[in-house]
Every structure is written in C-alpha cells, then in structure tokens.
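Trainee: 3D, please:
(one chain, ligands or ions: 3)
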Amino acid sequence: MTAPAKAEVKTVKLTIEGREVEVPAGMSILEAAKTVGVLIPHYCYHPGLPVAGVCRMCLVEVEKAPKLAPACATSVADGQVVHVHSEKSVDARQGVLEMLLINHPLDCPICDQAGECELQDYTYQEGRAEGRYREPKRFNPVEDFGGDVVYVPNRCILCTRCVRFMDSVAQDPVLNVSERGDRALIGKFEGEDLTHPWAGNVIDLCPVGALLSKDSLNKVRAWEVDRSASVCPNCTQGCNMIIETRDNQVVRLRPRPNDDVNKFFMCDYGRLNYRWMNRRDRADVPLVRRGAALETADWEIATRAAADLLAGKRAFVLASPMLSNEALYLLSRLVRKTGGEGAFRVDRGEEAPLPGVENLALRRERAANVRGAQLFGFQESERPLDRLTMGDVLVVADEELAGVDATAVSRAGAIIVIGTTLPTWAERSVAVVLPIANFTEQEGTFTNVNGRVQRFMQARAATALARPSFWVIGDLLAAMGEGTGYFTAASAFAALAEAHKDFAGLSYETLGVRGRIVAGAERAPAVGASA
Ligand code: SF4
Ligand code: SF4
Ligand code: FES
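Mentor: Numbering: from 1, shown residues only. Ligands and ions are numbered 1, 2, ... in the order given. Sure thing, here's the model as predicted:
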C-alpha cells in the first residue's frame with residue numbers, strides 16, 4: 001500500500017517591506033510579516049483569539065488598494081506589495097495612538113505594566129511627541145473583577161482581547177463592553193466574576209496595564225526580574241511557562257507559548273502556586289547520624305555513608321512524582337542494583353479544562369512527572385510503604401511522608417533522605433540526609449500526561465550546599481560501584497536515553513524548549529482520564 005499523498009498547501013507570494021515572502025493562502029498580512037521578521041504594531045490581534053479588527057493599530061499600505069488595510073484582518077494575495085513603515089502607514093498609526101492616549105492617564109511611573117506595555121512601546125516607537133488634547137480626561141474607578149484580577153478602566157484601550165478570551169476560549173462569557181463612544185469600558189455581567197479557573201490569562205492578554213494580577217500588584221518592576229524558560233510542575237499537563245525571579249526568589253509565573261501543550265495559556269492554580277518554590281525550611285547541608293544526633297558532614301562522607309548502608313541491602317525507594325526524569329531514572333537504577341522496589345503517591349484535585357483548547361486542562365494529578373515515575377517503574381499507591389519489608393533501606397526521595405503510617409516506616413532497617421526538605425520525623429530516625437536542589441534550582445526534564453518530555457531550566461541559585469538531584473544520585477551510584485556520576489543534566493539525560501527504549505534518540509538538543517513525545521506514547525489520555 002502506498003502512503004497517502006501529503007495534502008498540498010496552496011501558497012501565495014508577496015512582498016513585505018521589500019522582502020519576498022511565500023506563505024500559505026489565507027494567512028493574514030500581520031502573520032506573514034512575522035515570518036520575515038517584520039512586526040506590524042497591533043493591539044486587538046492575538047494569535048490565540050478570534051480576529052476582531054477593532055483597534056486599527058495594524059494599518060499598513062498595500063499598493064493598488066484604495067485605502068490602508070488592517071493587517072490582522074486582511075489576507076495575503078499573490079503579488080501584493082505591503083509597506084509597513086511608509087509615511088502613510090506610520091501617519092495613520094500615529095493618529096490611532098493619539099486617539100488612544102486622549103483618555104489614557106500619564107500613569108507609567110506607577111503602572112505595573114510599565115516596561116512590558118505595548119502602548120508604551122508603540123508610542124515610543126512611532127507616536128507623537130506631544131498630545132493635542134486639552135480637555136479633562138475621563139475617569140472611572142478601579143474595580144475588583146474577582147479571582148486574581150483587578151481592572152483599571154482609565155488605562156483600558158478597548159481592544160476586547162479579555163472579552164474574546166472569556167467568550168471563545170474560556171467559554172464563560174462574563175465580560176462585555178459597557179457604554180459607548182469615549183465612555184466605553186469593560187464591564188462584568190450582573191452577578192458574574194472572573195472566577196473561571198483559567199481567567200487569569202486575561203492579565204497576560206491585556207496589552208496595557210488595565211488588567212492586573214492582585215497577587216503581584218506593586219511587587220516588582222518588569223526590568224527587575226530575571227526570566228527562565230520552565231515547565232509548570234503543578235499538574236501533569238506540563239504547561240510551558242516562564243519563571244520570573246528577583247533577588248533569587250520566585251515572584252511570578254507566566255505562560256510560555258507551546259502549540260502542542262498549552263497554546264498561550266496557563267491556569268490560575270498553576271500560576272499562583274509558586275510560594276513553595278521559595279520555601280526556607282530546606283535541607284541544605286549533608287547530614288550523617290552519630291549517636292542520637294544528625295551531624296553535618298561533607299558530601300563525600302555523607303555519600304559514602306549512604307552507600308555503606310545500602311551495601312547488601314534491598315532499597316525501597318519512595319520517590320516524589322515532582323522529581324525530574326533524570327532523578328527518577330537514576331533512582332530506578334538504584335532499585336535495580338539492590339533488587340529493591342520503587343513506589344510513589346500523588347495528590348489529586350478537581351480537573352478544570354479550558355474548553356476552547358483541545359486537550360488542555362488543569363489535571364487531577366497535581367504533580368509534574370507522574371508519567372515519568374510510571375515509565376521508570378515506580379508503582380503508584382495510596383499506601384506507598386505497604387511493600388516495604390523488614391530490614392529494607394528506605395530511601396525517601398523528596399517525599400515528606402505526611403500521613404504515612406509510622407509502623408510501616410519502623411520496618412525499615414535504615415532511612416536515607418534525598419530531599420529538598422527535612423521533615424521533623426527525619427531528625428529522629430534518619431541515618432543520612434543528602435540535600436538536593438528543588439526544580440527551580442536545577443535543570444532537568446519532566447514527562448507530561450501526553451508522554452511529552454520537556455526541559456526546564458535553572459531559574460535561581462541552589463540553597464547552601466544542596467546539589468542537583470541527578471548529581472547526588474549519580475554520585476551515590478558511583479560510590480556503590482556503578483558508573484562515575486554526572487556533572488550535567490544533559491549527560492544524565494543522555495544516559496537515560498541510551499538505557500530506556502521509550503526515550504531512544506532524544507537529547508537536550510532535540511528536545512529544545514518545546515519538547516518531544518516519547519516513543520510509543522499513545523495519544524494523550526483525554527481530558528477526564530487519569531495520567
Ligand atoms: S482591559 Fe485590557 S484586554 Fe480588556 S479591552 Fe481593555 S485593554 Fe483590552
Ligand atoms: S494546567 Fe497544570 S501544568 Fe498547566 S498551568 Fe495549570 S497546573 Fe500548571
Ligand atoms: S490589530 Fe488589527 S485592527 Fe487591531
């Protein structure tokens with residue numbers, strides 16, 4: 001049987017700012033311009049929303065057309081010649097900006113959006129140096145929109161992105177344009193609030209400082225933060241995100257676009273659940289028990305002590321599904337080497353889909369790497385220590401054992417903690433503590449509910465002497481006579497990809513910042529199914 005022919009994509013050729021471009025028929029001029037690196041100013045247009053064509057900020061000159069065209073709502077055509085920066089186009093956009101600024105306050109010094117505001121940027125780029133409007137500006141009070149959102153109507157440019165998101169993507173139409181003309185503002189329908197689990201996305205979508213997050217209100221300025229590409233660890237969906245830090249503290253999480261996972265969005269639960277990343281009650285130095293006390297030790301001594309405890313014993317590894325693939329893979333080697341077993345448990349909550357995007361939901365399983373834990377052979381159980389047998393060495397890998405039956409723990413011959421925190425029970429009964437960096441402090445990968453392996457980058461420095469998990473577990477294996485350890489997450493991943501058939505052929509280079517599906521991963525469990 002011959003393979004079906006690939007559907008032919010009809011393309012058109014046009015010229016944008018003197019650059020030849022060939023793009024699929026039906027694409028907008030605005031999107032076509034992006035393909036040759038030309039950014040046409042725009043406000044109401046957003047690739048994740050239906051086109052509205054209401055702001056007129058994207059006006060461009062198209063040769064032979066009778067008037068300027070809105071680039072977001074005009075399709076490309078063969079032979080078109082488009083001028084984005086011609087006098088006529090810039091003049092029209094300057095007029096639009098002047099109109100938008102009539103009622104906009106001179107608020108930038110106290111506005112949370114300053115430094116990442118498209119009104120600021122385009123005004124600086126091509127606006128008039130002075131306004132000619134001499135009348136008093138319109139004033140409306142700030143309004144609590146519910147959820148995490150506050151509305152500052154004086155800054156609103158009526159682009160309707162927020163309204164369209166709630167209508168078409170969240171499919172919870174609670175917002176509208178109230179009033180008309182220069183009195184128009186965004187309103188909520190009577191008795192409604194922005195409490196939809198994905199409503200916080202209107203904050204990112206708003207191109208100006210009109211919709212702001214209550215959580216980060218007045219906390220940081222855009223130019224004070226460092227940004228790292230990461231993956232949300234708060235459920236198995238694995239939304240791509242950016243971690244923003246200031247003074248080594250995580251201060252804000254924002255979505256990072258990935259068409260295959262989360263489009264442009266992240267849920268409010270994921271967005272606001274970041275305080276644990278800054279926890280201060282950390283395991284921060286290696287510890288070894290001497291009599292009744294846990295004493296600080298250097299890394300070599302602590303690793304040796306852990307290896308000695310494991311010699312000739314069965315390791316029962318209780319691992320957190322928040323650990324990276326690299327850490328879980330190395331722990332699975334520890335299990336195999338000692339003829340032991342691996343288990344994990346996961347917190348669950350309500351599922352909350354985003355109706356306008358297929359296969360995107362806040363998943364029930366509230367941990368990043370449930371799929372990874374399964375792929376590396378860890379068994380899920382609500383009573384994860386049931387199979388711990390008398391005399392096993394219990395390796396607790398970033399699990400706090402909250403609510404776990406103490407009598408089960410007492411079957412362990414010895415306990416080793418490889419973790420980010422040191423719970424109080426550990427101080428009494430643990431033999432060795434090997435402190436690890438948490439996921440914001442190291443590089444690694446997670447496997448999401450669809451079997452997509454995605455990289456997260458280090459966003460902040462690790463606490464005290466804590467080391468990346470792949471490094472600590474690699475050194476422990478080396479002390480037990482297996483391998484020589486790993487100095488980089490990439491080399492730990494390379495070993496994983498070589499050893500594990502599902503990951504064959506993957507590397508940090510091929511994963512890039514968007515990730516790849518593991519071989520043989522069946523289509524994602526649909527929204528509504530478990531990981
Ligand atoms: S609040 Fe923001 S997103 Fe909504 S219409 Fe106003 S400017 Fe646009
Ligand atoms: S859906 Fe899950 S992964 Fe995505 S932002 Fe929410 S908690 Fe994070
Ligand atoms: S971006 Fe084209 S009209 Fe608003």
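
Trainee: for ligand 1, see how far away the closest residue to ligand 3 within the stretch 151-300 of the chain is.
Mentor: Nearest residue of the stretch 151-300 of the chain to ligand 3: Cys159, at 6.8 Å (C-beta to the nearest ligand atom). Every residue, glycine included, has its C-beta placed from N, CA and C. Cys159 is 4 Å from ligand 1, where distance means C-beta to the nearest ligand atom, to the nearest Å.

Trainee: tell me how many other residues crowd that residue.
Mentor: Around Cys159 there are 26 other residues, counting by other C-beta atoms under 10 Å.

Trainee: dump the residue contacts of whichever residue of the stretch 351-500 of the chain sits closest to ligand 2.
Mentor: Closest approach between the stretch 351-500 of the chain and ligand 2, counting by C-beta to the nearest ligand atom: Leu362, at 4.1 Å. By C-beta atoms under 8 Å, 6 or more residues apart in numbering, the contact set of Leu362 is Pro197, Trp198, Cys235, Gln237, Cys267, Tyr269, Gly270, Gly349, Glu350, Glu351, Ala352, Pro353.

Trainee: before we move on, what about Tyr274?
Mentor: Tyr274 touches Ile243, Val250, Arg252, Leu253, counting by C-beta under 8 Å, 6+ apart.

Trainee: go on, Asp215?
Mentor: Taking C-beta under 8 Å, 6+ apart as the test, what Asp215 contacts is Asp148, Arg252, Leu272.

Trainee: list the pairing partners of the host helix or strand of Ile418 within its sheet, with orientation.
Mentor: Element membership of Ile418, judged by DSSP states H and E, is strand 414-419. Applying DSSP bridges, strand 414-419 is found paired with strand 393-397 (parallel), strand 432-435 (parallel).

Trainee: run through who's touching the lowest-mean-pLDDT helix or strand in the chain.
Mentor: Here the helix or strand of the chain ranked lowest by mean pLDDT, DSSP states H and E is helix 424-429, holding a mean of 82. Helix 424-429 has contacts (C-beta under 8 Å, 6+ apart) with Leu294, Val396, Leu401, Ala406, Val409, Ile415, Val417, Val433.

Trainee: ok so, going back, can you lay out the contacts of Asp215 as a markdown table showing secondary structure, pLDDT and neighbour count?
Mentor: Below are these laid out as a markdown table (DSSP: H, G, I helix; E, B strand; the rest coil; pLDDT from 0 to 100; neighbours: other C-beta atoms under 10 Å):
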| residue | secondary structure | pLDDT | neighbour count |
| --- | --- | --- | --- |
| Asp148 | coil | 97 | 21 |
| Arg252 | strand | 97 | 21 |
| Leu272 | helix | 98 | 18 |
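
Trainee: possible to save those residues as TSV with distance to ligand 2?
Mentor: Formatted as TSV, the contacts of Asp215 follow (distance: C-beta to the nearest ligand atom, whole Å):
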residue	distance to ligand 2
Asp148	13
Arg252	13
Leu272	10
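
Trainee: which one of those is nearest to ligand 1?
Mentor: Nearest to ligand 1 out of the contacts of Asp215 is Asp148 (C-beta to the nearest ligand atom; 14.4 Å).

Trainee: where does the prediction get shaky in the protein?
Mentor: Low-confidence segments of the chain (pLDDT under 70): 1-6, 520, 522-531.

Trainee: what's the domain layout of it?
Mentor: 11-101, 108-114+135-224, 287-517 (automatic domain parsing).

Trainee: go through those domains and pick out the most buried.
Mentor: domain 287-517 (a mean of 20; mean count of other C-beta atoms under 10 Å).

Trainee: off-centre distance for stretch 423-432?
Mentor: Remark: stretch 423-432 is offset 34 Å from the chain centroid, using C-alpha atoms, centre = their mean, to the nearest Å.

Trainee: mind checking the end-to-end distance for that stretch?
Mentor: Stretch 423-432 stretches 13 Å from its first residue to its last (C-alpha to C-alpha, to the nearest Å).

Trainee: of all the strands paired with strand 414-419, which lies closest to ligand 3?
Mentor: Nearest of the strands paired with strand 414-419 (C-beta to the nearest ligand atom): strand 393-397, 49.7 Å.

Trainee: after that closest one, which helix or strand is next?
Mentor: helix 406-409.

Trainee: show residues contacting that next one.
Mentor: Helix 406-409 has contacts (C-beta under 8 Å, 6+ apart) with Arg383, Leu385, Asp386, Leu388, Leu394, Leu401, Ile415, Trp425, Ser429.

Trainee: pretty sure Val96 sits in a strand.
Mentor: No. Read with DSSP: H, G, I helix; E, B strand; the rest coil, Val96 is helix and lies in no strand.

Trainee: out of the contacts of Tyr274, who has the most neighbours?
Mentor: That'd be Ile243 among these, by other C-beta under 10 Å, with 27 neighbours.

Trainee: got the phi/psi numbers for the spatially closest residue to that residue that is not a sequence neighbour?
Mentor: Leaving aside its chain neighbours, Ile243 sits nearest to Ala459 (4.1 Å; criterion: C-beta to C-beta, 6 or more residues apart in numbering). When read as degrees, to the nearest 10, the backbone of Ala459 gives phi -110, psi -20.

Trainee: can you check Ile186 too?
Mentor: The phi/psi pair for Ile186 (degrees, to the nearest 10) is phi -80, psi 130.

Trainee: tell me the contacts of it?
Mentor: So Ile186 contacts Tyr151, Pro153, Cys156, Leu158, Cys162, Val163, Leu175, Asn176, Val177, Ser178, Ala210 (C-beta under 8 Å, 6+ apart).

Trainee: could you rerun that using 10 Å?
Mentor: Contacts for Ile186 (C-beta atoms under 10 Å, 6 or more residues apart in numbering) come out as 143, 145, 151, 153, 156, 158-160, 162-163, 175-179, 202, 206, 210-211.

Trainee: who's it bridged to?
Mentor: Bridge pairing for Ile186 - DSSP bridges - gives Val177.
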